[in-house]
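Novice: turn this into a structure:
(2 chains)
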Amino acid sequence: MASSTRSEAQHRSDAQNHSAGLSSPAQLDSAAIDALTAGEPAWLRDIRHGAFGRFEAIGQPTDRTEGWRRLELAHANVTPVLPEPSQFEVSVSNADRKKGVVAMPIADALASHEPLVREALLHARSGRTVGKYSALAEAVWQHGAFIHVPEGVELSEPIFATVRAGTYPRFIAVIGKNARAAIAESHHESGRFVSGLSDIIVGENAHLTYAHIQQCGPQTVVFSHQHARIAGGAKLVTLNFGAGASLAKSDVEVELLGRGAESDMLGLVFARGGQQFDYHTLQGHRATDTRSDLLFKSALDGHAHSVYTGVIVIEKGAQRSDAYQANRNLLLAEGARADTEPKLEIEADDVRCTHGATVGPIDADQLFYLASRGMDREIASRLIVEGFFQDVLDKVGDERLTRPLQKTFAPHLEQES
Amino acid sequence: MALKEQQLVDQDYRYGFRDETANYSFKSRKGIDHDIVEQISQMKKEPQWMRDFRHKSLDIFFAKPMPAWAKNEVLEAINFDDIYYYMRASDREGKTWEEVPEEIKRTFDRLGIPEAERKFLGGVTAQYDSEVVYHSIRKDLEAKGVLFSDMDAGLREHEDIVREHFATVIPPADNKFSALNSAVWSGGSFIWVPPGVHVDIPLQAYFRINAENMGQFERTLIIAEPGSFVHYIEGCTAPTYSSNSLHSAVVELIAKEGAHIRYTTIQNWYKNVYNLVTKRALAQKNAHVEWVDGNIGSKLTMKYPSVYLMGEGARGEVLSIAYASEGQHQDAGAKMVHAAPNTTSIITSKSVSKGGGRTSYRGLVKVYEGCEGVKSNVRCDALLMDPESRSDTYPTMEVDAKDVRVEHEATVSKVGEEQLFYVMSRGLTEVEATTMIVNGFFEPFVKELPMEYAVELNRLIALEMEGSVG
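Specialist: Below is the predicted model of the structure:
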């Protein structure tokens, strides 16, 4: 296995690695940002203060706030907390490191590759939607990974970034022109509150497969905001996998900025008990001849609740855009709920744009078919759910990223009945 | 082609004439307050409960904000103080055609109402501005016990039925515009169909706005008793005038057990009319409600016909088309609320945007907990005719029950090059070919209409398409 060769390049980071300025401020305010970021370059502190201003400008969401009203906030404490000690690792193979690939804690990258980090952080922000919690993450992040794959480099092994503890993870990936890469960002935090922000920049004709895996603790409220900018001729394949957290609210934004840019956006949610999942997706067609294809699936057990809101935007002039969006919900129990709102906003005429959404139980015909082959009803249901998911995993097209996931969602299915 | 030239001359607005109707017998001053409401109620000699209802509704109107979800700067531009809320063109209703004032007749003549009458297409209730001026019912309908009158007469003559059902489907507090309508409503249709009665011919009403800055707030209530059937058709055209006009109707349908109501609308207001309408139906056990809804005119239409499926086995259907050209926004859609098991619904929406026009589909399918066996299918198709136009789709599905099938599908595209090429290779011009394709696109809607309406709609589309290519 590659893990042994990779271990020497593995970066571990614990809270104590961070600057001594982290002497627990009393509350989240501008002074706290100053205290937390003492010693950082001025440009970065400017970004942080700007973001904090945006965080403060947006009121605390209630169940009447648009974009929040479908969630039961009474069952989840969404009040932000002060940054907590973090624990995470990012691993890259030695071979890839030798090709000039940078994959390290963002704090380390700031020290060793400041110009690269600066350019990425400044560039990444444009076009990203402002959300209250993503603005907070942008203001107060203390840990996370910086990944840079230089022009023309093809990664031989995927890069894995794994977060086990902490509050405001920050993640930046820059894929140079004509480069090829696969990256997995996994979350296993179990504190009360997590809000992460990930920026992905894909250069011309590059290819990136990116998996965002959320397996946080059952009591954790998790916010996640991913924003990707895709240049001409480039392709991004994303997978969002959601299984943990008490309430998980995610924004997944993809902007196709250059001619011929492509994006496949995949999502899998397995929700049980009283879990609440809320995914909001954007397929932004901002250039001609762009293509996007979205498939988000959720299976809902117990009295879990899934909210999906997705929008395809085709800008004026983005002719010959081709966009597809599908949301499929499988209701496995009486108390489960699914809300789906797939939206289209089209301002160009030479386009092909289609979306579909379904909500329903396990197909009775499929169940009957398997049962007629002598299969136990529960096993049959499990197989059908597995098939429902496998379809999405196959579309990712990179087993190195999805194989570990098959293992992780299998136990859920075991426990399901 | 001579015909084509004539079409080009006419294309601006087919019903763009305007009668100089200066002799309005009563015209309230502009703006809205409790005095105006009191005046309206006094003029109509209404019972105290209706007067109280109007005043209460006005307070709700003042208190309610504009719908925030719409984010519509066009909506914000409405100046409620610059609108007449009540006007009556003649002091009394004509019982026969001869009694209808001459100049009003002339307007109707050009719209073809007498033909409709001659063809015995059922009772005609024609609304000229706020008050119903002409109204007739065929004798056989009367014999069956069907009540069909304007809403004011309905209130006078059948107060018990009205009081029992009025505002039970759409309370004043439903939204800002239903509150406004509840305060100042005037005219509209009242229909009551006795149990088991099948009304074979469609009942029709023409609505028409005439005076400048004239608000029209009709109120329609249709009650179909158990096992009955009725088809009501409402078609609107409005003459040309310069400043914006507000049309805000409330339409309530009640389909009792096993009853079937079909409600057909063709909305072709002139392109300065705000058409902000609340339409909702209750469908009880095994009842069936169909909305057939066509939106061609107006500056801004916001209309989402709904069916609340309250009893087991109830069915709801919405078939809707929208056409938006320059300066128009058709924000139309449908809502299906499944509040009982084994209820089914179908929504089919088709829209065409041209010349910078914008069409939006906004819809809701809601399935409440415990409503097993629900089936719902939503299908939206949009055609974009040029790069300036815009199409949005905002469907929402909320499902709280397990054994249900809720499906939504939507497509947005332009008229296919191959389709055009194929038709043109048969010798048609591009305009003719486009018209043919658009007519074909609307076909599922058009074929649900009575013949006269179908013919008229096809002609309207042809006129609209004239300027679309080249």
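Novice: quick check, central residue of chain B?
Specialist: In chain B, the centroid-proximal residue (C-alpha atoms, centre = their mean) is B:Thr265; its distance is 4.7 Å.
Novice: wait, what's in contact with that one?
Specialist: By C-beta atoms under 8 Å, 6 or more residues apart in numbering or on different chains, the contact set of B:Thr265 is B:Ile233, B:Glu234, B:Gly235, B:Cys236, B:Trp291, B:Val292, B:Asp293, B:Gly294. The C-beta positions use only the backbone N, C-alpha and C, and glycine is treated the same way.
Novice: now, which of the residues you listed sits nearest chain A?
Specialist: B:Asp293 (20.3 Å; C-beta to the nearest C-beta).
Novice: what residues does the stretch 1-150 of chain A put near chain B?
Specialist: A:Glu66, A:Arg70 (C-beta under 8 Å from any C-beta of the partner chain).
Novice: in the stretch 1-150 of chain A, what residue is nearest chain B?
Specialist: For the stretch 1-150 of chain A, C-beta to the nearest C-beta, closest residue to chain B: A:Glu66, 6.8 Å.
Novice: okay, the contacts of B:Thr265 in JSON lines with secondary structure, distance to chain A and neighbour count next?
Specialist: Shown next, in JSON lines, are these (DSSP: H, G, I helix; E, B strand; the rest coil; distance: C-beta to the nearest C-beta, whole Å; neighbours: other C-beta atoms under 10 Å in any protein chain shown):
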{"residue": "B:Ile233", "secondary structure": "strand", "distance to chain A": "31", "neighbour count": "22"}
{"residue": "B:Glu234", "secondary structure": "strand", "distance to chain A": "30", "neighbour count": "23"}
{"residue": "B:Gly235", "secondary structure": "strand", "distance to chain A": "30", "neighbour count": "23"}
{"residue": "B:Cys236", "secondary structure": "strand", "distance to chain A": "28", "neighbour count": "25"}
{"residue": "B:Trp291", "secondary structure": "strand", "distance to chain A": "22", "neighbour count": "26"}
{"residue": "B:Val292", "secondary structure": "strand", "distance to chain A": "24", "neighbour count": "21"}
{"residue": "B:Asp293", "secondary structure": "strand", "distance to chain A": "20", "neighbour count": "27"}
{"residue": "B:Gly294", "secondary structure": "strand", "distance to chain A": "22", "neighbour count": "26"}
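Novice: so what's the residue count around the nearest residue to A:Ser112 once chain neighbours are set aside?
Specialist: Distance criterion C-beta to C-beta, 6 or more residues apart in numbering or on different chains; nearest residue to A:Ser112, sequence neighbours excluded, is A:Met104 at 7.6 Å. Burial measure for A:Met104: 23 neighbouring residues, criterion other C-beta atoms under 10 Å in any protein chain shown.
Novice: other SSEs contacting the helix or strand where A:Met104 lies?
Specialist: If you go by DSSP states H and E, A:Met104 is part of strand A:102-105. Packing partners of strand A:102-105 (3 or more C-beta pairs under 8 Å, 6 or more residues apart in numbering or on different chains; DSSP states H and E): strand A:11-14, strand A:87-91, strand A:143-149.
Novice: how close does B:Trp49 get to B:Arg163?
Specialist: Look at B:Trp49 and B:Arg163: by C-beta to C-beta, to the nearest Å, they are 7 Å apart.
Novice: these two: who's more crowded?
Specialist: Here B:Trp49 and B:Arg163 are compared on neighbour count by other C-beta under 10 Å; more neighbours surround B:Arg163, at 15 against 11.
Novice: contacts for the helix or strand containing the more buried one, please.
Specialist: According to DSSP H and E, B:Arg163 maps onto helix B:159-165. Where contact means C-beta under 8 Å, 6+ apart, the residues beyond helix B:159-165 that reach it are B:Pro47, B:Trp49, B:Leu147, B:Gly154, B:Leu155, B:Phe190, B:Trp192, B:Leu221, B:Ile223, B:Glu252, B:Ile254.
Novice: buried set for stretch A:209-225?
Specialist: A:209-216, A:220-225 (16 or more other C-beta atoms under 10 Å in any protein chain shown).
Novice: turn the helices and strands packed on strand A:102-105 into CSV, including distance to B:Glu312 and mean pLDDT.
Specialist: Formatted as CSV, the helices and strands packed on strand A:102-105 follow (distance: least, C-beta to C-beta, whole Å; pLDDT from 0 to 100):
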stretch, distance to B:Glu312, mean pLDDT
strand A:11-14, 60, 48
strand A:87-91, 55, 93
strand A:143-149, 54, 96
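Novice: re earlier: residues contacting the residue of the stretch 1-150 of chain A closest to chain B?
Specialist: A:Glu66 neighbours (C-beta under 8 Å, 6+ apart): B:Ala68, B:Trp69.
Novice: cutoff 6 Å now
Specialist: Applying C-beta atoms under 6 Å, 6 or more residues apart in numbering or on different chains, we find A:Glu66 in contact with no residue.
Novice: do A:Ala145 as well
Specialist: Applying C-beta under 6 Å, 6+ apart, the residues near A:Ala145 are A:Val90, A:Ala161, A:Phe171.
Novice: quick check: the last one touching A:Gly144?
Specialist: Looking back up the chat, that one is A:Phe171. Yes: taking C-beta atoms under 6 Å as the definition, A:Phe171 is a contact partner of A:Gly144 at 5.1 Å.
Novice: that's a helix at B:Leu420, yeah?
Specialist: Yes: under DSSP: H, G, I helix; E, B strand; the rest coil, B:Leu420 falls within a helix.
Novice: residues in contact with the residue lying closest to it once chain neighbours are set aside?
Specialist: Of all residues not flanking B:Leu420 in the chain, B:Ala433 sits nearest, at 5.4 Å (C-beta to C-beta, 6+ apart). B:Ala433 sits next to B:Leu420, B:Val423, B:Met424 when contact means C-beta under 6 Å, 6+ apart.
Novice: for B:Asp82, see how far away the first one is.
Specialist: Note on B:Leu420: its distance to B:Asp82, by C-beta to C-beta, is 45 Å.
Novice: reformat the helices and strands packed on strand A:102-105 as a markdown table; add distance to A:Glu185.
Specialist: Listed next are the helices and strands packed on strand A:102-105 as a markdown table, based on distance: least, C-beta to C-beta, whole Å:
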| stretch | distance to A:Glu185 |
| --- | --- |
| strand A:11-14 | 14 |
| strand A:87-91 | 9 |
| strand A:143-149 | 7 |
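Novice: for residue 250, list each beta-bridge partner.
Specialist: You didn't say which chain, so I picked chain A. When assigned by DSSP bridges, A:Ser250 has beta-bridge partners A:Ser224, A:Tyr279.
Novice: not quite, go with chain B.
Specialist: With DSSP bridges as the rule, B:Val250 is bridged to B:Arg219, B:Thr278.
Novice: understood, closing this out.
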